[in-house]
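A.B. asks: Got a predicted model here, sequence first, then my questions.
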Amino acid sequence: MDADIVDYSLLAGVAIALATGLVGLVSRPGDAWLFLVHGGVGVTFVGFLGVKLWRVRARVRAGVRARSGRVAVSILLTVLAVAALATGVAWVFGASLPGAFNLLFVHAVLGVATTVVLVGHLRDRLRIPSQASLRDRRQTLSWVGMVTLGAVAYRASNALGTARRYTGSREQGSGEGNDFPVTAWVADDPDPLDSGAWTLSVTGAVETEREFERSDLAFDTEQRALLDCTSGWYSEHDWRGLSVEALLGTAGPTAGASWVQFRSVTGYRWSLPLDEARDALLATHVDGEPLSHGHGRPMRLVAPGRRGFQWVKWVTEVRVWRRRDYSEWVAIQVSGL
């Protein structure tokens, strides 16, 4: 296969894998195709990398003997790419790591590192493939064969691997009250809140701003929902608490209101479109148990169909906006610091 076609295939593959991986963090139930593309492209990428290394094997051996910096980068790229694939496959087949970081997290970090090294490696090497190469039937068949082989290999690994959701997450603690993993985004982990002194405010684009004590609210709405965390696990529970629709009804969103933001005592926050927010729940109980501190006591957002980092914990304020507050993307990175 033409060297320039291989290089462009590597660059396109890593770009697609990175993009689908990042978008997958905020995926919705209808976005399963993102993860299929991500996995298939990742496996195919390693195949193209193997082809490239085979073509330049003599140059690599000579570079090793000469202690060439360029060859060292090539070797590093190979190690990172193979490690990224290996950790992904190991996760699929049920492997795990001790400690705070699981294999899915390590896979993501290695994927980003592979992207950075590849872009640096190809920066001065990319050339537009010749028209003759692009029109060559054998080149086309070889390229299609590589892509097809990668897709088949990925589908086979899915069929043989452990049970997972389309996101790659594995089940942990469903229906067992607070006995499911406790995670915090970056440093978002406050001291336990005094439920007796806790209040909930409704502010922003509303007819009347309100502030409620716990005794003012009725926590009698029930909802079954699945929490899928980007850390690689999911858990399904019966939640009970306060209907967001009922809460908004006490304040009256004004004309033009379109977003509802849920704000934590730590400054962490996330927004949902108004219509979606009406179907959400501010939970105080899980499977009949009061929420533990780690799971957001006294109140956390339950947002069906959203990833776990969007289920804001330790909620103290609900703010209605006419436009989305994009500063929340910064807030989730620095809250608690």
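C.D. replies: Alright, I've got the coordinates.

A.B. asks: Please point out which parts of stretch 60-80 sit buried.
C.D. replies: 60, 63, 71, 74, 77, 78, 80 (16 or more other C-beta atoms under 10 Å). (C-beta placed from N, C-alpha, C; glycine too.)

A.B. asks: What is the most widely separated pair among those residues?
C.D. replies: Largest separation among these by C-beta to C-beta: 63 and 80, giving 17.7 Å.

A.B. asks: What values do phi and psi take at the residue nearest to residue 269 when sequence neighbours are not counted?
C.D. replies: Nearest non-adjacent residue to residue 269, counting by C-beta to C-beta, 6 or more residues apart in numbering: residue 263, 4.4 Å away. Here is the backbone geometry of residue 263 (degrees, to the nearest 10): phi -120, psi 130.

A.B. asks: same thing with residue 238?
C.D. replies: Dihedral angles (degrees, to the nearest 10) for residue 238: phi -100, psi 120.

A.B. asks: Got the confidence number for residue 36?
C.D. replies: With respect to pLDDT, residue 36 scores 82.

A.B. asks: since we're on it, how many residues are nearby?
C.D. replies: By the measure other C-beta atoms under 10 Å, the count of residues near residue 36 is 15.

A.B. asks: Kindly provide the distance from it to residue 168.
C.D. replies: Going from residue 36 to residue 168 by C-beta to C-beta, to the nearest Å gives 11 Å.

A.B. asks: so where do the strands sit in the stretch 201-337 of the chain?
C.D. replies: 210-213, 221-229, 233-243, 259-264, 269-273, 281-286, 289-290, 300-302, 315-321 (DSSP state E, counting those that start in this stretch).

A.B. asks: The first one: partners in the sheet, and parallel or antiparallel?
C.D. replies: Its sheet considered, strand 210-213 pairs with strand 199-204 (antiparallel) by DSSP bridges.

A.B. asks: again, but for the fifth one
C.D. replies: Paired with strand 269-273 in the same sheet, following DSSP bridges, are strand 259-264 (antiparallel).

A.B. asks: now the angle between strand 281-286 and the strand it pairs with, please.
C.D. replies: For strand 259-264 against strand 281-286, the angle between stretch directions is 30 degrees (axes from the mean of the first three to the mean of the last three C-alpha atoms, to 10 degrees).

A.B. asks: residue contacts, residue 290?
C.D. replies: 284, 297 (C-beta atoms under 8 Å, 6 or more residues apart in numbering).

A.B. asks: what bridges to it?
C.D. replies: Listed by DSSP bridges, the beta-bridge partners for residue 290 are residue 285.

A.B. asks: Next one: residue 284 from residue 262, what distance?
C.D. replies: If you go by C-beta to C-beta, the gap between residue 284 and residue 262 works out to 14 Å.

A.B. asks: Please say which of those two ends up with more neighbours.
C.D. replies: Using other C-beta under 10 Å as the criterion, residue 284 and residue 262 rank with residue 262 on top: 27 against 20.

A.B. asks: My understanding was that residue 250 contacts residue 210; is that so?
C.D. replies: Yes. Look at residue 250 against residue 210 with C-beta atoms under 8 Å: they come within range, at 5.6 Å.

A.B. asks: quick one: which of these two has more around it?
C.D. replies: With neighbours defined as other C-beta under 10 Å, residue 250 and residue 210 compare such that residue 210 has more, 17 against 14.

A.B. asks: leaving aside the residues next to it on the chain, what's closest to the more buried one?
C.D. replies: Per C-beta to C-beta, 6+ apart, closest to residue 210 is residue 202, 4.6 Å.

A.B. asks: Residue 233 too?
C.D. replies: Closest residue to residue 233 apart from its sequence neighbours, by C-beta to C-beta, 6+ apart: residue 172 at 4.4 Å.

A.B. asks: mind listing what that neighbour touches?
C.D. replies: Shown in contact with residue 172 (C-beta under 8 Å, 6+ apart): 180, 181, 233, 234, 235.

A.B. asks: For it, grab phi and psi.
C.D. replies: Torsion angles, degrees, to the nearest 10, at residue 172: phi -150, psi 120.

A.B. asks: Done for today, thanks.
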